[in-house]
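# The following comprises the amino acid sequence and a computationally predicted model.
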Amino acid sequence: MSSSFDNPHYTRFHLRATAAPDVLPRCLDLLAKRNMVPAYWHSEITTAQMLDIEFHLDDTDAHLESYLAECLRRIINVETVVTSRAVARRQA
């Protein structure tokens, strides 16, 4: 299985949400319904009791990136969604 660090092009999603039990499953459900598995996923609760989530999806075009970001913004308790297209650094 490859990761976003093996693939030179990926989209990074960064979400900030209220730390509620239903946020993570709703985010994952959005991806699972589209048969997508994040190449990278990290989530943690900050000292301000906010949930920070970052995940990477390989080979997403600009339209899909925009659509997924809008769907994530509609999830209850999600406050912000920021996306960026990235080119991973190749290790020698």
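Happy to help now that I have it. Numbering: from 1, shown residues only.
# Any idea how far apart the tips of stretch 26-46 sit?
20 Å (Cα to Cα, to the nearest Å).
# How about stretch 70-80?
Termini of stretch 70-80 sit 10 Å apart (Cα to Cα).
# Now do it, average pLDDT.
What stretch 70-80 shows for mean pLDDT is 97.
# Give me the distance from that stretch to the chain's centre.
12 Å (Cα atoms, centre = their mean, to the nearest Å).
# before we move on, what about stretch 18-35?
Using Cα atoms, centre = their mean, the offset of stretch 18-35 from its chain centre is 10 Å.
# and that stretch, which residues are buried?
19, 23, 24, 26, 27, 28, 31 (16 or more other Cβ atoms under 10 Å). Placement of C-beta: from N, CA and C, glycine included.
# what about the third one, which helix or strand?
What that stands for is residue 24. helix 23-32 (DSSP states H and E).
# now the angle between helix 23-32 and the next helix-or-strand element following that helix, please.
Using DSSP H and E, the helix or strand that follows helix 23-32 towards the C-terminus is strand 40-45. Angle, strand 40-45 to helix 23-32, by axes from the mean of the first three to the mean of the last three Cα atoms, to 10 degrees: 160 degrees.
# Show me where the protein has its helices.
23-32, 62-73 (DSSP state H).
# before we move on, the earlier item: turn the buried residues of stretch 18-35 into TSV, columns for pLDDT.
Shown next, in TSV, are the buried residues of stretch 18-35 (pLDDT from 0 to 100):
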residue	pLDDT
19	95
23	97
24	96
26	97
27	97
28	97
31	97
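# Give me the helix or strand of the chain that scores worst on average pLDDT.
strand 78-87 (a mean of 88; mean pLDDT, DSSP states H and E).
# Relative to it, what are the paired strands and their orientations?
Each strand paired with strand 78-87, and its direction, by DSSP bridges: strand 9-18 (antiparallel).
# I'd like the C-alpha coordinates of the partner strand written as CSV, please.
Output in CSV follows, covering the C-alpha atoms of strand 9-18 (Å, rounded to 0.1, in the frame of the first residue of the first chain):
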residue,chain,number,x,y,z
HIS,A,9,0.9,14.5,-5.9
TYR,A,10,-1.8,14.5,-3.2
THR,A,11,-4.4,16.8,-1.7
ARG,A,12,-4.1,17.7,2.0
PHE,A,13,-7.2,18.4,4.0
HIS,A,14,-7.0,20.1,7.4
LEU,A,15,-10.2,20.4,9.5
ARG,A,16,-10.9,22.0,12.8
ALA,A,17,-14.0,21.0,14.6
THR,A,18,-15.6,20.9,18.0
